[in-house]
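# Sequence plus predicted model, see below.
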Amino acid sequence: MSYQPIVPFSGFAGWSFLNRTMEKQQAAFSASSEIQRNEDYFREKIGSIKTAEELVGDRRLLSVALGAFGLDDDIDNKFFIRKVLDEGSLDGDALANKLSDKRYFALTQAFGFGDYTTPRTVLSNFPDEILGQYETRQFEIAVGNSDNDMRLALALQRDLPALAAKTNTETTKWYSIIGSSTMSTVFQTALGLPRSVGSLDVDAQVKMYAAKADQLFGSSDPAQFSDGEKLEKLTRDFLLRSQLSTSGSISSGEAALTLLQNASSGSLSLLL
């Protein structure tokens, strides 16, 4: 049985508690029997796996492999996953390069079945590489079982700084944010954008995201979120807006007090 992370409060209060206890909670989760059994099996077997067919044929190995990239729900899509893995990442026409969800590209690139004569599964550090990602992703899922906003906030800390640090253009970074189900949800909420924005042409979406980011954070460039303070403000705005939109989760008086306290301290970029 896995350790269930404790998130006693919703909103920013819950996020603050989770951050204070993160190290201990992650350690307890990683040490739980279910996680350890899966990791022991992966370490024992993965070095002998030389093809995508062999990987998808072992459901337990596949569950860890997919879980490391947040693709747990694809466990029964064996034909599709095998095709992604077999075609690799180096060929521009490979399936992973055509999919907007770049988790598949990361998956096939990590395993290397379609890219190299000898896959990366035989490398001595490969189990540690995959299992580190697996623990992180599974912890996020476990947190999400208590509070999905916390899961989204954790995913944001993992994905956004890496994206922000890339040398891609501002527009390309917005494409990546909009194409990510987790980051787009966080940004839509934090920036106060309507859910209907997702139905617009992607270039129109980019303009809306960029304009709102410039208004609230002082820049339209996602690169600004490589700054820890900007990332913290974005996370706080997301959690507060989400909490305010959830009926009964916070009273109007509590909401007003929270907003006034944060605004007066200069720590809140939220504009209602």
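Sure, I can see it.

# Any regions of the protein where pLDDT drops low?
Low-confidence segments of the chain, defined by pLDDT under 70, are located at 1, 247-272.

# Give me the residue at the spatial middle of it.
residue 155 (3.3 Å; Cα atoms, centre = their mean).

# how close does that one sit to residue 162?
As judged by Cβ to Cβ, to the nearest Å, residue 155 and residue 162 stand 12 Å apart. Using the backbone N, CA and C atoms, a C-beta is placed for each residue, glycine as well.

# Could you report the separation of the residue nearest to the centre of the chain from residue 149?
11 Å.

# Just the helices from the stretch 51-200 of the chain, written as ranges.
Along the stretch 51-200 of the chain, counting by DSSP state H, counting those that start in this stretch, helices occupy 52-56, 59-67, 78-87, 95-98, 103-111, 126-146, 148-164, 170-179, 181-190.

# so which of the ones you listed gets nearest residue 232?
Of all the helices of the stretch 51-200 of the chain, it is helix 148-164 that lies closest to residue 232, at 9.5 Å by Cβ to Cβ.

# Not counting its own residues, what contacts the closest one?
In this structure, residues lying in contact with helix 148-164 by Cβ atoms under 8 Å, 6 or more residues apart in numbering are 7, 10-11, 14-15, 18, 70, 136, 139-141, 143-144, 173, 176-177, 180, 182-183, 185-186, 222-226, 231, 234-235, 238-239, 242-243.

# run the last query once more with 6 Å
7, 15, 18, 140, 143-144, 173, 176, 182, 185-186, 222-223, 225-226, 235, 239, 242 (Cβ atoms under 6 Å, 6 or more residues apart in numbering).

# Report the distance from that helix to the chain centre.
Taking Cα atoms, centre = their mean, to the nearest Å, one finds helix 148-164 lying 5 Å from the centre of the chain it belongs to.

# What are the buried residues along it?
Within helix 148-164, the residues that qualify as buried are 149, 150, 151, 152, 153, 154, 155, 156, 159, 160, 163, 164, counting by 16 or more other Cβ atoms under 10 Å.
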